[in-house]
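Colleague: using only what follows, build the 3D model:
(4 chains, ligands or ions: 4)
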Amino acid sequence: MTQRTTDRLSSETARRDAFLAAYRSMLYGRVFDDKLASLYRAGKIVGGVYLGRGQEAYSAALAHQLRPGRDVYAPLIRDQAGRHAFGESLLDAARTFLGSASGPMRGRDGNIHRGDPQNGTLAMISHLGAMLSVVSGALLARRLRGELDDCVGAACIGDGGTSTGSFHEAVNAAAVEKLPLVIAVANNQFAYSTPNERQFACDNLVQRAAGYGVEGHTVDATDLAACLEVFEHAVARARAGNGPQLVVGNLLRLAGHGEHDDAPYITDAHRKAPYAGDCNVLARDTIVHSGWLSEAELADLQTQAQQEVDAATATAQQEAAPDPATQSWVALFTTHLAEGEAEP
Amino acid sequence: MTQRTTDRLSSETARRDAFLAAYRSMLYGRVFDDKLASLYRAGKIVGGVYLGRGQEAYSAALAHQLRPGRDVYAPLIRDQAGRHAFGESLLDAARTFLGSASGPMRGRDGNIHRGDPQNGTLAMISHLGAMLSVVSGALLARRLRGELDDCVGAACIGDGGTSTGSFHEAVNAAAVEKLPLVIAVANNQFAYSTPNERQFACDNLVQRAAGYGVEGHTVDATDLAACLEVFEHAVARARAGNGPQLVVGNLLRLAGHGEHDDAPYITDAHRKAPYAGDCNVLARDTIVHSGWLSEAELADLQTQAQQEVDAATATAQQEAAPDPATQSWVALFTTHLAEGEAEP
Amino acid sequence: MSITYLEAIREAQDRALAEDPAVFIYGQDVAEFGGAFKATRGLCDKYPGRVMNAPISEDAMVGTAIGAAIEGMRPIVEMQFADFSSVGLNQIINQAATLHWRTGTPCPITVRLPSGGTPGSGPFHSQSMEALYAHYPGIIVLCPATVEDAYGMLLEAVAIDDPVIFCEHKYLYYHLKAEQLPDESLPVGRARIARAGQHATVVAYSAMVHEALLAADQLRQDGYEIEVIDLRSVKPLDTDSVLASVARTGRLLAVGEAFPWGGATAEVVSRVASEGFHLLDAPPQRLNAKDTPIPYHPNLWSVHRPTAGSIAAALHDLLRL
Amino acid sequence: MSITYLEAIREAQDRALAEDPAVFIYGQDVAEFGGAFKATRGLCDKYPGRVMNAPISEDAMVGTAIGAAIEGMRPIVEMQFADFSSVGLNQIINQAATLHWRTGTPCPITVRLPSGGTPGSGPFHSQSMEALYAHYPGIIVLCPATVEDAYGMLLEAVAIDDPVIFCEHKYLYYHLKAEQLPDESLPVGRARIARAGQHATVVAYSAMVHEALLAADQLRQDGYEIEVIDLRSVKPLDTDSVLASVARTGRLLAVGEAFPWGGATAEVVSRVASEGFHLLDAPPQRLNAKDTPIPYHPNLWSVHRPTAGSIAAALHDLLRL
Ligand SMILES: Cc1ncc(C[n+]2csc(CCOP(=O)(O)OP(=O)(O)O)c2C)c(N)n1
Ligand SMILES: Cc1ncc(C[n+]2csc(CCOP(=O)(O)OP(=O)(O)O)c2C)c(N)n1
Ligand SMILES: [Mg+2]
Ligand SMILES: [Mg+2]
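Modeller: Ligands and ions are numbered 1, 2, ... in the order given. Sure thing, here's the model as predicted:
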């Protein structure tokens, strides 16, 4: 074989490996989400359940570019796939939805509000837009210490979240500091029930990039290969010192806002639009057509995912709930400065 | 004369008249500002004094397009000229700086924080960016009542103010509602001491327009004719139903941030840059060179402005200060629901 | 017929829209969808163009309402959850609240805050923010505890020519029912005796009124008659009614679901201590939520906020003092 | 040598930057310009890259500080005026304040708020916002009244592994002087007896401590010895020291410059009423600013906030009760 052929084959291998790795996270994300939905319907989950259905390719493709332990990641409410790709354990995810005291949030916070900030996964607060500047701060800290190297930070946000003042302030400030911040906007056409037309008036949110002086990218977020490509490029640009990268992916939320919502506002016209494809189905087709995995292998993968998800939720369900009596009701790290109750 | 010649002459007359009218407000703005500065140095003013020096053309040209009593105007800290053009009396301006109880703010608020909201001039709060959505609300109210007609609202903001979340939310929401909001960004190169490079990373703030889906315009704000033209166009577009208009003017603040600030951060390089021209001097030159007014007429105008400004400040200085004893210390309109003190 | 607290809020808005063309509603998902809690269901169809979806921009939402109010409208802003009003707080406390005192222009806006905890809602969908708004001059802060007040006070809120923060409690939305809507109600600013008693007074508001009533039931079994005062409005705060009650009972427990530092319970206790010191037979007491974020897990949540049980315990302590 | 309150704040930041490479400063105009009040003058040159100008983006400023704190830094955020922190409030109360309880990650940020009124500053450059922040769990709120505390408490604030709201008073910036900076100071959380007395206790903080001391001077002429307690920290609030003082004097007046509803004075009075009821020989009293926006005109301003004169009058009333 010529050198060129080897290169092509190895880059094809790399592409296939990336695709399969990301697809694996998409699958785990979907299976986990489906499990959550059924637990929710069975009344086993207290509080909201928000799914990433339709957003898995976009979510996983971003996280696939990130290096757990080195990069900073601020996933949002529809990033089960990305969290999986960034190395979150299914058990920790299940624990948070099911209120296990052993989970990372110890029952103090729930569902999507989970993370491990000191190890690079921020734990979102609900106020949309608020996480972006926190990612910037983490990057700035590293730069100040001379430890930024080629780290990036990635922050996820929805179409609706771009309307927040917090989003604007953070993107602008990151641009001024030229921080390696990748902002992944998942435009799933709706913010809860509110369609794009009532959320913003530009044609494509990527048009905001120029106004911030950052680089912009758009992608068909139903297409995993395209997502992998756009994030590979954007993350590489950020790592190389080209400042913030604004990526906008187009897709349709294939679920309600939360599982309590049957989304009557999503019409047939939306469901027939090009952005309405199911990225998981499309990615699976690609795998089959490319001969990367056989139907049998795919079925095994599905079974494995199902088993792991079932195991995680079963374990989490058996774990103890938090005990108010042994709980520390002290919000401060500096416990001796706390008012009211002492540590138990 | 042919019809065409008549048209040309009458449009030239209109241009001259507009120029002279705006220049008049620029002159009054400058003379008033100079008076304030000297009163401040003499210790006659309590609190801050912020001047519009260098911004008069931009300020007056906008307000010149507005119709007092019909349009809505939210001037900011450097809009003495615009306020004059919108019909604010010098006496009311002087009263507010000098704390007269007879002024529109009755000594309760001071200096630039003045207005007459029910008659179309909003009274700015200090929090930058916060006035924009209030203008939108006024326009929306008229639309809801079917009384919008060809009204516009104009909101002034600085380069620094564009970094606020409030600015972003307001521009975006106005774009969604397609309101006739004209946003006049005065880029005077600095926000207090902070230069553009530390405030935003795009080349020109007008690049933000596309991201909001609004129309954008830039102008050399040292050039009155250009300012008149850009605002004539932008305001007409807004009146005609084309939605928000983002206008960005380039200039240099020819003063400190406030009169307490000698602005060491403004370097010689800035003072030699094209945006550093004194719009008042340049406009005066144009008037002379065009033969629109003679030196003598201009001197008369200057004298008249000086006399009116002196008279206004003298009157305001003689007026009674607010009397705490007869003051209503009730913040509510619904006085019977107020806690604490009753009306005096 | 039976009507819930949430339906009462919807009905009040319906009536306000019907009676006054100056009223309109602005908020996230309030139009066709009827709002996250369905408090505006059907209103968008019934009043075309007057129930409008807002972008996720609480600052702009409030600013827009203020501008419309300046022009004589009476906007109702729905926050999706009270907790998100923190992002619109600046426009409320600095723009709306100062407008009339500074300029003489009234600012009749009503900001509806779906407030308070429910199981599983966690730190950012459970807050009671009345203390932040009541601290600032120029704002009226209402906290209805009953279906009747949810209706009557919301109608009044819209009619008042000042900014009103309307704290409606999410826990009461579905559970609280009344037979019918009232024709009249106590005016804003007046507290209500929710239950008469003689041994101690509990001053509460919003959902805590119901916990206090349950606690009073428990104490009745021990022979104590507890008076429960429903403040209804935390600003203005009806000190006279509270003092009159303490004059009858000699004992005071102020209960609130908000965080413990400052807030309505501190205001109530300190007013009674200042103005009604000699009416007190025992030290006045307070019961608030714990001084941590509001926990997600129902086990933790039910201990975090005051409940009938903890109020009863506090009352027993108070009666022994 | 003599050093002002403002210089003490600058010195403390200088020392914090010198001693700990994790410290940096972020705020509007804080770099070359040295900040609107010159509290960071010279620090940018002395510590290159560690004193950074921020865009006019209070929300992002605080968020950025939180992110840096997660990574082990100890940011100091300067708000240009306390009043503008309303725009960064959400990040403070919901992000910084909840971080440790939710995730176990400490959040050592210090947010400096140039607070309080000065003549001519008006409604938006005069506010005292401690009540808003102290209401929320997870935040420490400091209000130094002296040059020594401005220095010592700021150093401590930066060292504390929790979010600290540092309310420095603009009226004290230039007027208050000390001979030298302290080597040691009372720990955060402890109140200080600013003046010992026996007839009544005034509890105050920040600029009001000085008004209270002047009032105490006036009352001495009438033979009364007034004890003045400087709270130093409003959260945590040193209830024990306050109670100990009230035990000595039997009378309490709580004085604050903030708005009257809620806030530190309500908290002080209600704690003393609850926990020290039997120590009181007279109803405990409060004195706050008036319930309107803070007026621009010095005539109005000087009546709006408590002063030596109004405190003395309130004390005379209290001593007659
Ligand atoms: C500041 C703020 N306001 C309101 C909300 C309530 N809220 C939660 S999710 C949501 C819609 C979000 O839409 P989008 O950003 O498009 O994300 P998506 O749900 O579509 O993924 C809203 C309004 C919030 N979380 N934060
Ligand atoms: C939200 C907010 N943060 C901070 C300030 C303090 N501040 C007042 S004016 C100013 C600079 C404004 O710069 P710019 O917007 O460019 O207007 P210019 O003064 O240059 O006309 C700052 C930071 C403020 N008024 N509002
Ligand atoms: Mg969306
Ligand atoms: Mg500027």
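Colleague: and A:Ala296, how far from A:Gln302?
Modeller: Relative to A:Gln302, A:Ala296 is positioned 11 Å away (criterion: Cβ to Cβ, to the nearest Å). For the C-beta atoms, the positions are set from N, CA and C on the backbone; glycine is no exception.
Colleague: where along chain A do the strands fall?
Modeller: Applying DSSP state E to chain A gives strands spanning A:72-74, A:153-158, A:181-187, A:190-191, A:194-195, A:215-220, A:245-250.
Colleague: a markdown table for those strands, including mean pLDDT?
Modeller: Converted to a markdown table, the strands of chain A look like this (pLDDT from 0 to 100):
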| stretch | mean pLDDT |
| --- | --- |
| strand A:72-74 | 98 |
| strand A:153-158 | 98 |
| strand A:181-187 | 98 |
| strand A:190-191 | 98 |
| strand A:194-195 | 98 |
| strand A:215-220 | 98 |
| strand A:245-250 | 98 |
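Colleague: closest to D:Pro55 out of these?
Modeller: Nearest to D:Pro55, of all the strands of chain A, is strand A:181-187, at 14.7 Å by Cβ to Cβ.
Colleague: counting by contacts, list what that closest one packs against.
Modeller: Using 3 or more Cβ pairs under 8 Å, 6 or more residues apart in numbering or on different chains; DSSP states H and E, the elements in contact with strand A:181-187 are helix A:56-64, helix A:132-144, strand A:153-158, helix A:165-177, helix A:224-239, strand A:245-250.
Colleague: can you get me a residue count around residue 133?
Modeller: Because you didn't say which chain, this covers chain A. A:Ser133: 32 surrounding residues under other Cβ atoms under 10 Å in any protein chain shown.
Colleague: that's the wrong chain, I meant chain C
Modeller: The burial count for C:Tyr133: 28, using other Cβ under 10 Å.
Colleague: tell me the residue of the stretch 151-300 of chain C that sits nearest chain B?
Modeller: C:Asp161 (4.4 Å; Cβ to the nearest Cβ).
Colleague: related to what we said a few turns ago, adding distance to ligand 1, write the helices and strands packed on strand A:181-187 out as a markdown table.
Modeller: Output for those, formatted as a markdown table (distance: least, Cβ to the nearest ligand atom, whole Å):
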| stretch | distance to ligand 1 |
| --- | --- |
| helix A:56-64 | 10 |
| helix A:132-144 | 12 |
| strand A:153-158 | 2 |
| helix A:165-177 | 7 |
| helix A:224-239 | 16 |
| strand A:245-250 | 11 |
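Colleague: need the winner for burial among these.
Modeller: With neighbours defined by mean count of other Cβ atoms under 10 Å in any protein chain shown, none of these is more surrounded on average than helix A:56-64, at a mean of 32.
Colleague: chain center to that helix: distance?
Modeller: 7 Å (Cα atoms, centre = their mean, to the nearest Å).
Colleague: out of A:Ala296 and A:Gln302, which sits in the busier spot?
Modeller: For A:Ala296 versus A:Gln302, the count of surrounding residues by other Cβ under 10 Å is larger for A:Gln302: 14 against 8.
Colleague: per-residue pLDDT, the more buried one?
Modeller: According to the prediction, A:Gln302 has pLDDT 98.
Colleague: for chain C, which spans come out with low pLDDT?
Modeller: C:1 (pLDDT under 70).
Colleague: quick one: the strands in it?
Modeller: Using DSSP E, the strands found in chain C span residues C:3-4, C:23-27, C:51-53, C:74-78, C:110-115, C:140-142, C:164-169, C:177-178, C:192-195, C:200-204, C:226-230, C:233-235, C:252-255, C:285-287.
Colleague: contacting residues around the last one?
Modeller: The contact list for strand C:285-287, computed with Cβ atoms under 8 Å, 6 or more residues apart in numbering or on different chains, reads C:252-256, C:260, C:265-266, C:269, C:306, C:310-311, C:314, C:317-318, C:321, D:270, D:274.
Colleague: ok so, going back, shouldn't the residue of the stretch 151-300 of chain C closest to chain B be in contact with B:Phe333?
Modeller: Yes - judged on Cβ atoms under 8 Å, C:Asp161 makes contact with B:Phe333 at a distance of 4.4 Å.
Colleague: who has more neighbours, these two?
Modeller: For C:Asp161 and B:Phe333, the more surrounded residue by other Cβ under 10 Å is B:Phe333, and the numbers stand at 20 against 16.
Colleague: measure that one to B:Leu282 for me?
Modeller: As judged by Cβ to Cβ, B:Phe333 and B:Leu282 stand 47 Å apart.
Colleague: and the residue of the stretch 101-250 of chain C closest to chain A?
Modeller: For the stretch 101-250 of chain C, Cβ to the nearest Cβ, closest residue to chain A: C:Gly120, 3.0 Å.
Colleague: coming back round to it: Produce a PyMOL select command limited to the buried residues of the contacts of strand C:285-287.
Modeller: Selecting only the buried entries of these in PyMOL, with 16 or more other Cβ atoms under 10 Å in any protein chain shown as the criterion:
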select buried, (chain C and resi 252+253+254+255+256+260+265+266+269+306+310+311+314+318) or (chain D and resi 270+274)
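Colleague: show me what contacts whichever residue of chain C sits closest to ligand 3?
Modeller: Nearest to ligand 3, among the residues of chain C, is C:Ile56, at 9.5 Å (Cβ to the ion). When contacts are counted by Cβ under 8 Å, 6+ apart, C:Ile56 is found next to A:Leu128, A:Gly129, A:Gly160, A:Gly161, A:Ser163, A:Thr164, A:Ala191, A:Gln199, C:Gln28.
Colleague: try it again with 7 Å
Modeller: Contacts for C:Ile56 were tallied using Cβ atoms under 7 Å, 6 or more residues apart in numbering or on different chains; they are A:Leu128, A:Gly160, A:Gly161, A:Ser163, A:Thr164, A:Ala191, C:Gln28.
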